[in-house]
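Visitor: Need a 3D model of the following:
(2 chains)
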Protein chains: 2
Amino acid sequence: MKTETTIQGLTASLSPARSSRKSIGFIPTMGNLHQGHLNLVREARKLCDVVVVSIFVNPIQFGPNEDFDNYPRTLEQDRHLLAEVGCDIVFAPSVEQMYGKQPRLTNISVSDITNDLCGLQRPGHFDGVAVVVTKLFNIVQPNFAFFGQKDYQQLAVIKQLVRDLNMAIEVIGVPIARAEDGLALSSRNGYLSEQDRQTAPVIYKSLKTAEHDLQAGQALSEVLAQIRASLTDAGLVIDYVEARSPMLQKVDQFDQDVVLFVAAKLGKTRLIDNLQVKHSA
Amino acid sequence: MKTETTIQGLTASLSPARSSRKSIGFIPTMGNLHQGHLNLVREARKLCDVVVVSIFVNPIQFGPNEDFDNYPRTLEQDRHLLAEVGCDIVFAPSVEQMYGKQPRLTNISVSDITNDLCGLQRPGHFDGVAVVVTKLFNIVQPNFAFFGQKDYQQLAVIKQLVRDLNMAIEVIGVPIARAEDGLALSSRNGYLSEQDRQTAPVIYKSLKTAEHDLQAGQALSEVLAQIRASLTDAGLVIDYVEARSPMLQKVDQFDQDVVLFVAAKLGKTRLIDNLQVKHSA
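Guide: Predicted structure coming up:
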């Protein structure tokens, strides 16, 4: 496995693969990798000749009061994990390598689906994601790109971006990896106190209960209220508990597949999760 | 020369060239081609193995009161001209082919250098240009792209866009093609009455006089005032007469290379021109 820290180095490393028309799979990450990320690499490994993982904590997707400086940076550990699951090239550029010395004047924004859910609490976040992903796509020029369904809204934004701008990339969403107790894996789980870590699985449990209740005929509004009550009772501070269509349109009732979305704070740590509930028409 | 009207058809036509790693040169146009465009094709022909020209009147770069509906569409004539100068593939998609049936949610904006000169009178214009050029770049995936220096601000915006988003494309600016009397060639010149066509070369003449006066030591502000006076005397209605650095920064005096910019209306037709004036340090 190679590690490249410059665009020039990466381009040189990828040149033979490109010349021989090998398929390139790409997973953009911010590092501090867990099984969720490694599942993305395993999926890429199945489908692609060459697998590239980027590790870059992207400053422009963090708000002024967010955790950019404290975001965990664990490059050596990440490299070991990536080598084990068959990654070919790690791209770990500096901020200067990605953004240069001259000011960036170009912004990309995806409207409507970013002014909702996580986008409401994090103004500019998805613009920052759209810019860095576009830059990385242009640098790596992959055939396939893999994103986790845990960041469901991010996945939807990337799919929209790729479609709207005719990028020649197939975006693949990979199911959420969970701990045995159901907690969705996240780099931020490491911030949880031991006690909060015991509490956190209530999110997934309340989503699974909601799935059951919806499929048993309970009204969507009631089911959402029950999720809210369960989380509040367990001591979480809710940011949102919402239902949307798979394409992130608002829904009033369970008359099609819906995705249930939760974002809540436990201590100082913001956790998100989601569950797609199938409607049997 | 092939003509393709769909993205799929173009991709198929370009596939052999891509497989054999031939260099692809691309010239995006709105059609109604004149010698200015053909010069771009000639430049591409010198430098690239395969030359692609797109002809697409892009609705999203026209304002509500601009001339989208009346913009001249002369595909057959354009195809003949392109065949003569050695274009390999013409890409002439419909609006639906480019923008699809589902709404576009993604916007791209380049700040600062678009809030100036033509951008002030045409809000959203350069956003529309940035989006369509990004789409076309992603569809064609050229190695080189050619733009005329007549639309100097557009060329600067595209260069900034390509740099900011790490597009793997070299953008090449080609000098303005002019009629024998100096009028910069433009599709919009066809709108001029016979009398206005006689008047229009005053723009270039005033720019050349300004160049001479600047290099002879006259103050920049005076020279700009003289251009304004010449144009107004000739019956043009000035939109702007400005000087900027080659990177479009404001300048107060002629102590470096400057670009002189003119936009003015003659009858109902808006004409633009520019001239780079060298400073001998």
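Visitor: Determine how far the least confident helix or strand in chain A by mean pLDDT lies from the middle of the whole chain.
Guide: Least confident element among the helices and strands of chain A, by mean pLDDT, DSSP states H and E: helix A:118-121 (a mean of 89). Offset of helix A:118-121 from its chain centre (Cα atoms, centre = their mean, to the nearest Å): 14 Å.
Visitor: Show me what that helix is packed up against.
Guide: helix A:125-140 (3 or more Cβ pairs under 8 Å, 6 or more residues apart in numbering or on different chains; DSSP states H and E). Yep, even glycine has a C-beta here, placed from its N, CA and C like the rest.
Visitor: Which elements pack onto the helix it packs on?
Guide: Looks like helix A:125-140 contacts helix A:7-19, strand A:24-29, strand A:50-55, strand A:89-91, strand A:106-110, helix A:118-121, helix A:152-164 (3+ Cβ pairs under 8 Å, 6+ apart).
Visitor: Out of these, name the one with the poorest average pLDDT.
Guide: For these, mean pLDDT drops lowest on helix A:118-121, to a mean of 89.
Visitor: Can you tell me which of the helices and strands packed on helix A:125-140 is nearest to residue B:71?
Guide: helix A:152-164 (23.4 Å; Cβ to Cβ).
Visitor: what does the closest one rub up against?
Guide: A:108, A:110, A:113-114, A:116-119, A:126, A:129-130, A:133-134, A:145, A:147-149, A:167, A:169, A:171, A:173, A:247-248, A:259, A:261, A:274, B:100, B:102, B:104-106, B:135 (Cβ atoms under 8 Å, 6 or more residues apart in numbering or on different chains).
Visitor: which of the residues you listed count as buried?
Guide: A:108, A:110, A:113-114, A:116-119, A:126, A:129-130, A:133-134, A:145, A:147-149, A:167, A:169, A:171, A:173, A:248, A:259, A:261, A:274, B:104-106, B:135 (16 or more other Cβ atoms under 10 Å in any protein chain shown).
Visitor: Give the closest residue to residue A:235 in space, chain neighbours not counted.
Guide: residue A:199 (6.3 Å; Cβ to Cβ, 6 or more residues apart in numbering or on different chains).
Visitor: doesn't residue A:234 make contact with the one you found?
Guide: Yes. The criterion here is Cβ atoms under 8 Å, and residue A:199 meets it with residue A:234 at 5.4 Å.
Visitor: name the element the nearest residue to residue A:1 once chain neighbours are set aside belongs to?
Guide: Spatially, and ignoring its direct neighbours in sequence, residue A:1 is nearest to residue A:83 (4.6 Å; Cβ to Cβ, 6+ apart). Assigning secondary structure by DSSP states H and E places residue A:83 in helix A:75-84.
Visitor: quick one: buried residues of that helix?
Guide: A:78-79, A:81-82.
Visitor: now the residues you listed as a markdown table including pLDDT and distance to residue B:65?
Guide: Output for these, formatted as a markdown table (pLDDT from 0 to 100; distance: Cβ to Cβ, whole Å):
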| residue | pLDDT | distance to residue B:65 |
| --- | --- | --- |
| A:78 | 98 | 54 |
| A:79 | 98 | 57 |
| A:81 | 98 | 58 |
| A:82 | 98 | 55 |
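Visitor: In those, find the pair that's most separated.
Guide: A:79 and A:81, at 7.4 Å, using Cβ to Cβ across those.
Visitor: quick one, what contacts the residue in the stretch 1-150 of chain A positioned nearest to chain B?
Guide: Residue nearest to chain B within the stretch 1-150 of chain A: residue A:106 (3.7 Å; Cβ to the nearest Cβ). With contact set as Cβ under 8 Å, 6+ apart, residue A:106 has these partners: A:131, B:108-111, B:130, B:160-161, B:164-165.
Visitor: ok, what's across the strand from it?
Guide: With DSSP bridges as the criterion, residue A:106 is bridged to residue B:110.
Visitor: Surely residue A:273 is in a strand?
Guide: Yes. Counting by DSSP: H, G, I helix; E, B strand; the rest coil, residue A:273 is part of a strand.
Visitor: burial of whichever residue of the stretch 151-281 of chain A sits closest to chain B, as a residue count?
Guide: At 3.6 Å from chain B, residue A:164 is the closest residue in the stretch 151-281 of chain A, using Cβ to the nearest Cβ. Applying other Cβ atoms under 10 Å in any protein chain shown, we find 22 residues neighbouring residue A:164.
Visitor: Distance-wise, check it relative to residue B:135.
Guide: Taking Cβ to Cβ, to the nearest Å as the measure, residue A:164 and residue B:135 are separated by 8 Å.
Visitor: repeat for residue A:90
Guide: With Cβ to Cβ as the criterion, residue A:90 and residue B:135 are 31 Å apart.
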